[in-house]
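Undergrad: coordinates only, sequence not included:
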C-alpha cells in the first residue's frame, strides 16, 4: 500500500532540496576552481603560481572530490539500508554542508583537497538516500515527471552556484563557499517532518540488510554490472564537460583578455544558459523513456551525446560558438541524467536499495576521477584552449561503449510500487 500523499510530497521536497544544495555545493568549485586554487597557492607560496600547476592541482582536487562521492555513495548507502532513508538523508546533508563551508578556512591547496573529499562523502550518500526515499513513497505512475523534477533540483543548485559566483566575483574566491553551510538548516526539517517509508519499515523488521556481496550474486549481479558501466560512462563524460567546459571559456582569446571578475561573470552566464537548457532536457528524457522504454531512451541519448561532443570539440570553438555548442551538449549529452533517480532504485530489493543505488551510481565517480586526470594527459596542456578542447573530444568517444551498454539494460518494474 502506498504512503499517503503528504508523506510522498515531503519525501519529494526533502530529496529535491537535498539535491539542489548538492548542486550548489558541487558546482561552486567547478566555476571557481581556477581563481580559488590560484588564490590559495599564491598565499601559500608568496608568489603567483604557474598556470599549469594551478590546472593540475585543480583537476586533482576535483578527482579527489569524485572519489569521495563514490565512497560516500557506498558507505551511506549501507547506512541508509540499516538506519533508514530519512535519517541518512539528514546525516549526508549535514556532512556536505559543513565541509563545503570549511573551504573558507583553507590555507593550502591540500586543505581544499581534504575538505572537498569529505563534503563529497555526504553528496554521494545524499543521492542514494534521496532517490530511494522518493522511489518508496511515490506512486510509480508519477515516475516520469518526478524523476526529472528530482534531477532539476541538482541543476537549480548549479544555477544558484552560478549566481553566487557572479555576485561575489570581486571577493576572495573562498567566500562563496560559506553559502554552502545553509543546507545544514535543512537537516532540522528533514529530521522531524519526513517519516521513513513504509516499505523500508516493514522490510527492516524481517532482519538485517544483506551484505555488499549480495549485489554480485544471482540475478542482481548482471544488474549491478550493467548499471555500473552505464553510470561510469555517463558520469565521466558529464563531469569532464562540467569541469573543463568553464576552463575552455576562460581560455578563449576574447575572455582571456578581460579582467578576472568580468571573465568569471561570463563563465557564470554561459553556465546558467546551458544548465537551464538541461532542465528541459531532463523532462524530455524521462517522457521519452515513458513512451519508448528506458533501454531505448538511454541508447538514443548516448548516441546523441556522442555526436554533440565530436561536433563541438573537433576543434577549439570560438567564443560565439560556445553558447550553442554547450546548450546542445547539455540537452543531449547530459539529459539522460534525468532518468537515473527513479530508474536505478526500483531495480534493487528494499534492504539493498540505497546500497545498490549508491554503489552503482556513485562508483562511476571513480572512473570519472580517473577520466579527469587522464584528460590532463590527453589534452597535453590545459593551459590552452586547444588542449582543453582536445581532451573533451577524446572523452566524448566514451559514448561509443555507452551505446553498447544501453542496448542490454533492464527495464524497471511497472507495478504500483517499486518494492
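TA: Arrived safely, thanks for sending. Note that the coordinates shown come from a computational prediction; the quantities given were computed from them, not determined experimentally.

Undergrad: Helices along the stretch 1-150 of the chain, start to end?
TA: With DSSP state H, counting those that start in this stretch as the criterion, the stretch 1-150 of the chain has helices at 5-45, 51-83, 85-101, 109-135, 143-167.

Undergrad: most packed of those helices?
TA: helix 109-135 (a mean of 27; mean count of other C-beta atoms under 10 Å). Every C-beta, even on glycine, is put in place using the N, C-alpha and C of the backbone.

Undergrad: That one to helix 5-45, inter-axis angle?
TA: On the basis of axes from the mean of the first three to the mean of the last three C-alpha atoms, to 10 degrees, helix 109-135 is oriented at 170 degrees to helix 5-45.

Undergrad: what about stretch 186-204, average pLDDT?
TA: Across stretch 186-204, pLDDT averages out at 84.

Undergrad: try stretch 6-16
TA: Mean per-residue pLDDT for stretch 6-16: 84.

Undergrad: Quick check: which ranges of the protein have low pLDDT?
TA: When residues are selected by pLDDT under 70, those of the chain lie in 1-5, 368, 371-385, 414-419.

Undergrad: residue furthest from the geometric center of it?
TA: Here the chain reaches farthest from its C-alpha mean at residue 46, the gap being 34.6 Å by C-alpha atoms, centre = their mean.

Undergrad: Residue 50 and residue 38, how far apart?
TA: When C-beta to C-beta, to the nearest Å is applied, the distance between residue 50 and residue 38 equals 10 Å.

Undergrad: swap in residue 216?
TA: Spatial separation of residue 216 from residue 38 under the definition C-beta to C-beta is 44 Å.

Undergrad: go on, residue 138?
TA: Taking C-beta to C-beta as the measure, residue 138 falls 44 Å from residue 38.

Undergrad: which residues of the stretch 151-300 of the chain fall in strands?
TA: Using DSSP state E, counting those that start in this stretch, the stretch 151-300 of the chain contains no strands.

Undergrad: can you map out the helices along it?
TA: Here the stretch 151-300 of the chain has its helices, by DSSP H, counting those that start in this stretch, at 186-193, 198-204, 219-251, 253-256, 260-292, 294-313.

Undergrad: quick one, what contacts residue 364?
TA: 70, 228, 231, 232, 233, 234, 235, 236 (C-beta atoms under 8 Å, 6 or more residues apart in numbering).

Undergrad: Now that we have those, can you turn them into a markdown table and tack on distance to residue 178?
TA: Written out in a markdown table, the entries for these read as follows (distance: C-beta to C-beta, whole Å):
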| residue | distance to residue 178 |
| --- | --- |
| 70 | 26 |
| 228 | 36 |
| 231 | 32 |
| 232 | 33 |
| 233 | 35 |
| 234 | 32 |
| 235 | 28 |
| 236 | 31 |
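
Undergrad: Buried subset of the residues you listed as a ChimeraX selection?
TA: Written as a ChimeraX command, the selection of buried residues from the contacts of residue 364, which uses 16 or more other C-beta atoms under 10 Å, is:
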select :70,228,231,232,233,234,235,236
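
Undergrad: check contacts around residue 186.
TA: Residue 186 sits in contact with 14, 17, 18, 21, 93, 97, where contact means C-beta under 8 Å, 6+ apart.

Undergrad: how about 6 Å then?
TA: Residue 186 makes contact with 17, 93, according to C-beta atoms under 6 Å, 6 or more residues apart in numbering.

Undergrad: cool, residue 255 as well?
TA: 249, 263, 266.

Undergrad: just residue 14 next, same as before
TA: With C-beta under 6 Å, 6+ apart as the criterion, the residues that contact residue 14 are 190, 194.

Undergrad: All set now, cheers.
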